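**Q** need coordinates for the following:
(2 chains)
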Amino acid sequence: KNQVEQSPQSLIILEGKNCTLQCNYTVSPFSNLRWYKQDTGRGPVSLTIMTFSENTKSNGRYTATLDADTKQSSLHITASQLSDSASYICVVSARAGKSTFGDGTTLTVKP
Amino acid sequence: DTAVSQTPKYLVTQMGNDKSIKCEQNLGHDTMYWYKQDSKKFLKIMFSYNNKELIINETVPNRFSPKSPDKAHLNLHINSLELGDSAVYFCASSQDLWGRTEAFFGQGTRLTVV
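**A** Predicted structure coming up:
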């Protein structure tokens, strides 16, 4: 069964600090992995997408990594801001198959 | 210019009622989805439509009936509402059915059944 597990479930950090969110998956055959950011009261918005051949991809202060061998991805947030407070959802798609959503990590950035 | 729009944004109704949520996308996408996000904020797919054709139906009670009059619209009708139906419902669209392209989400409809 295709599964996506995210950790931690929630995280509180101080403004300006860095943090890393984890995503482990068992989806096979792998097509791509996407990180979404969901602000409170809004729909999810895509941050990055990674395919099999990509190890690292950045979007501003967000950097995603992918290890297709160990089936792990991470999302690193640098110099966090209050506006980074949100849920971060990892979504893994199988080739010619549907997408599997992780349960998300809730990040709170405090001043 | 809103890409994926849902109406209404909030919906409060009594148990047993029938209600509809409307969704429209102006992105020219072929695929549209309905997701349910429960109180624990877990996002689960309910349905996906590709070119007005039902592709995925994820063991959703048949009280939920999606309708796609054209590629740009996917409405969700719910009969005999139950307390457990309270959640936020998100509509989304993408060019590709299998996640190879980004899904764009609406702002959500918060349904409260009392």
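
**Q** give the contact list for residue 23.
**A** Using chain A. Contact analysis of A:C23 by C-beta atoms under 8 Å, 6 or more residues apart in numbering or on different chains lists A:V4, A:E5, A:Q6, A:L33, A:W35, A:Q72, A:S73, A:S74, A:L75, A:C90, A:V92, A:G102. The way it works is simple: take the backbone N, C-alpha and C, and place the C-beta from them, glycine included.

**Q** right idea, wrong chain: chain B
**A** B:C23 touches B:V4, B:S5, B:Q6, B:M32, B:W34, B:H73, B:L74, B:N75, B:L76, B:C91, B:G106, counting by C-beta under 8 Å, 6+ apart.

**Q** whichever of the residues you listed end up buried, select them in PyMOL.
**A** Remark: buried members of the contacts of B:C23, expressed as a PyMOL selection using 16 or more other C-beta atoms under 10 Å in any protein chain shown:
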select buried, chain B and resi 4+6+32+34+73+74+75+76+91+106
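
**Q** and the contacts of B:C23 near chain A, which?
**A** Applying C-beta under 8 Å from any C-beta of the partner chain, the subset of the contacts of B:C23 adjacent to chain A comprises B:V4, B:G106.

**Q** the lowest-mean-pLDDT helix or strand in chain A pairs with which strands, and in what direction?
**A** Using mean pLDDT, DSSP states H and E, the weakest-scoring helix or strand in chain A turns out to be strand A:99-101, at a mean of 87. Here strand A:99-101 is paired, per DSSP bridges, with strand A:86-94 (antiparallel).

**Q** show me how far the partner strand is from its chain's centre.
**A** With C-alpha atoms, centre = their mean, to the nearest Å as the basis, strand A:86-94 stands 5 Å off its chain's centre.

**Q** contacts for it next, please.
**A** Under the contact criterion C-beta under 8 Å, 6+ apart, strand A:86-94 has outside partners A:2, A:4, A:6, A:21, A:23, A:25, A:27-40, A:44, A:47, A:73, A:75, A:99-102, A:104-107, B:41, B:43, B:98-100.
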